[in-house]
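In: Predicted model, plus sequence, below.
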Amino acid sequence: MKVAHILSPFSRHLVNASYLFGAKSSLLVFAFVSNVIVSRYLGPSGIGSLSFSVNTIALFIPLAALGLDVLLVKQLAESKDKALVTVKTCFFLKLFAGALVQLLIVTFFLRSNTSPELKLLIIISSFALPLDSLSVFNSYNEAYLNTRTIFKSEVLSGLFSASAKVLSACCSLPIYSFSWVNILTMIVRSAMMYPRKILKFSLASFSNDSFDTKLAVRLLKNSWPLVISSITISIYMKIDQIMVFNISGAAQAGEYAIGTSLSTIYYLIPLSITSAIFPKLVEIKNANGDYYKAFQKLITTLTRIAILASVFVQLFGSYIVGWTYGNNYLDVTPILQIHIWSGILVFFGIARHRWILLEGLQKFEIYLDVTGAITNVLFNLVLIPALGGVGAAIATLMSYFCGSIIASVFIPSLHPPLKTFVKSLCPPFQITNSRNSN
């Protein structure tokens, strides 16, 4: 089947996606180059320790966030006249929660038998928890569709992060310098997000309208399902790297971190395509309600991109790793070649999420995430002791299959997108459908 035929319903929207992809991919290049330089400088063990500290804190970010980011956008859209008090209320809620979680984590690790270097990395990284309160500025810009501000802050903060990390490596600074760069990047990004002309806001503004207790209680009552869902997703996505560090050591964790970062680098493609095409799907649904054929073409396109990328890595994975990260990371190759196949299921999951939004079936996503998180932990417990990072890659692939495919089988409402995915894996069936549609 010709690619043009697959993409024809979306041509105008794919042009928009190409611009979005081009802009974000340019930033991704800078981040990739800086990561390569830092990885060569720190070595597998250093990257493993740094990755462990970052992922450990990321595991607790949902607790500090309190699920308020999405609710804040909704609240601002509904009550624009109370923007100031709403933003301040969410800010102080998240600041308190972040500081409390940080205190608990730091206390735990200070009392543990963790090495002094790792304790320092975790303590520095833990400042991300209270600083997550600054994400209210991002939510504000999302609510008021200030996309230029969001994009500008992402690009410039990304360039700052990449430049600072390269400079730290070139100056042979200690490993904890890179943790400080991550913290400073959060501050820089949030500062650029801050809507100075609209929100006259500062930490010293403890006036009577700074905090609305009734609003805080209402938001917390509505946010707990989002907190549970976010924690589940966080475990789903981060626990493997933490388990590899604890079971197989820092060097294996570093190799696994590099393998997964290479494997996921092209995930920007489905995110850009689905974001651009989603309005078209909404338009078709509102017009006649039947967007199944358009969704099938989208799934087929994404699946074939993921398969091509996976085959490419099987053929040239060792060259990619050796050329970019050097001979110290050649053991990353089998991890990369296994983990890359997860992309097929990830691409499907990204597209299915849009279908779930269209159908208003968000309640079922928690079942998929819980299934994936539980199976991920169980598979890792069995495979990491025997196979290290390779076992974690296999566990990730198997848990994605359980969370995306097996769990969907038992939820009838999710059978339609599952059927489109199965069809996308069967080229002969696709060709037959194409001829019939003509």
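Out: Cool, the structure landed.
In: what about stretch 292-308, distance to the chain center?
Out: 21 Å (Cα atoms, centre = their mean, to the nearest Å).
In: Just the mean pLDDT for it, thanks.
Out: Averaging pLDDT along stretch 292-308 gives 88.
In: can you pull the buried residues of it?
Out: Neighbour-count burial for stretch 292-308 flags 294-307 (criterion: 16 or more other Cβ atoms under 10 Å). Yep, even glycine has a C-beta here, placed from its N, CA and C like the rest.
In: packing partners for the helix or strand hosting Arg304?
Out: Following DSSP states H and E, one finds Arg304 within helix 292-325. Using 3 or more Cβ pairs under 8 Å, 6 or more residues apart in numbering; DSSP states H and E, the elements in contact with helix 292-325 are helix 3-7, helix 11-58, helix 250-263, helix 268-288, helix 332-339, helix 342-359, helix 415-424, helix 427-437.
In: for these, which one sits closest to Ile124?
Out: Evaluated with Cβ to Cβ, the helices and strands packed on helix 292-325 place helix 11-58 nearest to Ile124, the distance being 7.7 Å.
In: need the next SSE after the closest one, C-terminal direction.
Out: That would be, after helix 11-58 and using DSSP H and E, helix 61-65.
In: helices or strands next to that next one in the packing?
Out: Contact here means 3+ Cβ pairs under 8 Å, 6+ apart; on that basis helix 61-65 packs against helix 83-111, helix 128-131, helix 213-248.
In: Quick one: mean pLDDT over the longest one.
Out: Per-residue pLDDT values across helix 213-248 average out to 85.
In: go on, stretch 311-325?
Out: On average, stretch 311-325 scores 91.
In: Flag every buried residue along it.
Out: Buried-residue list, stretch 311-325, by 16+ other Cβ under 10 Å: Val313, Gly317, Ile320, Val321, Thr324, Tyr325.
In: Check stretch 410-429 too.
Out: Buried, per 16+ other Cβ under 10 Å, within stretch 410-429: Leu414, Pro417, Leu418, Thr420, Phe421, Lys423, Ser424.
In: possible to save the residues you listed as TSV with distance to Trp355 and pLDDT?
Out: TSV is the format used below for those (distance: Cβ to Cβ, whole Å; pLDDT from 0 to 100):
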residue	distance to Trp355	pLDDT
Leu414	9	89
Pro417	5	89
Leu418	10	90
Thr420	8	89
Phe421	11	90
Lys423	14	88
Ser424	13	85
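In: mind showing which ranges of this structure have poor pLDDT?
Out: Counting by pLDDT under 70, the chain contains low-confidence ranges at 1-26, 78, 80-81, 145-147, 195-210, 289-290, 427-438.
In: spatially speaking, which residue is in the middle of it?
Out: Met237 (8.1 Å; Cα atoms, centre = their mean).
In: Next, find the distance separating that residue from Ile231.
Out: Met237 sits 11 Å away from Ile231, going by Cβ to Cβ, to the nearest Å.
In: mind checking how far Ser230 is from Ala64?
Out: In terms of Cβ to Cβ, Ser230 sits 10 Å off from Ala64.
In: Pick out whichever of these two has more residues nearby.
Out: Taking other Cβ atoms under 10 Å, Ser230 and Ala64 do not tie; Ala64 has more neighbours (25 against 20).
In: thinking the more buried one is in contact with Leu93, fair?
Out: No: with contact defined as Cβ atoms under 8 Å, Ala64 does not reach Leu93; the gap is 10.1 Å.
In: Skipping its backbone neighbours, what lies nearest Met398 in space?
Out: Nearest non-adjacent residue to Met398, counting by Cβ to Cβ, 6 or more residues apart in numbering: Phe379, 5.2 Å away.
In: Kindly indicate whether the one you found is helix, strand or coil.
Out: helix (DSSP: H, G, I helix; E, B strand; the rest coil).
In: Now do the same contact list for it.
Out: Ile394, Ala395, Met398, Ser399 (Cβ atoms under 8 Å, 6 or more residues apart in numbering).
In: now the buried residues of stretch 292-308 in CSV, with distance to Thr333?
Out: Converted to CSV, the buried residues of stretch 292-308 look like this (distance: Cβ to Cβ, whole Å):
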residue, distance to Thr333
Ala294, 38
Phe295, 36
Gln296, 35
Lys297, 34
Leu298, 32
Ile299, 30
Thr300, 30
Thr301, 28
Leu302, 25
Thr303, 24
Arg304, 24
Ile305, 22
Ala306, 19
Ile307, 19
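In: buried ones in stretch 29-37?
Out: Phe30, Ala31, Phe32, Ser34, Asn35, Val36, Ile37.
In: what about the nearest residue to the third one once chain neighbours are set aside, distance to Thr86?
Out: Closest residue to Phe32 in three dimensions, ignoring its sequence neighbours and counting by Cβ to Cβ, 6+ apart: Ile265, at 6.6 Å. Distance from Ile265 to Thr86, counting by Cβ to Cβ: 37 Å.
In: Look at those two and report which has more neighbours.
Out: A direct count of neighbours by other Cβ under 10 Å for Ile265 and Thr86 places Thr86 higher, at 24 against 16.
In: So the more buried one sits against Lys74, correct?
Out: No: if you go by Cβ under 8 Å, Thr86 and Lys74 don't touch, sitting 10.4 Å apart.
In: ok, the nearest residue in space to Leu220 that is not next to it in sequence to Lys214 distance?
Out: What sits nearest to Leu220 in space, not counting adjacent residues and going by Cβ to Cβ, 6+ apart, is Leu66, at 6.9 Å. Between Leu66 and Lys214 the distance is 16 Å, computed by Cβ to Cβ.
In: Mind checking which of these two has more residues around it?
Out: Leu66 (24 against 8).
In: Need phi/psi at the more buried one.
Out: The phi and psi values for Leu66, taken as degrees, to the nearest 10, are phi 60, psi 20.
In: in terms of contact, does it touch Lys94 like I think?
Out: Yes: taking Cβ under 8 Å as the definition, Leu66 is a contact partner of Lys94 at 6.0 Å.
In: which ones are touching the residue lying closest to Ser34 once chain neighbours are set aside?
Out: Nearest residue to Ser34 in three dimensions, chain neighbours excluded: Ala162, at 3.8 Å (Cβ to Cβ, 6+ apart). By Cβ under 8 Å, 6+ apart, Ala162 lies in contact with Phe30, Ala31, Val33, Ser34.
In: what residues are up against the last one?
Out: When the contact criterion is Cβ under 8 Å, 6+ apart, the partners of Ser34 are Ser161, Ala162, Ser163, Lys165, Val166.
In: Return the member of the residues you listed nearest to Val244.
Out: Proximity of the contacts of Ser34 to Val244 (Cβ to Cβ) peaks at Lys165, which lies at 22.6 Å.
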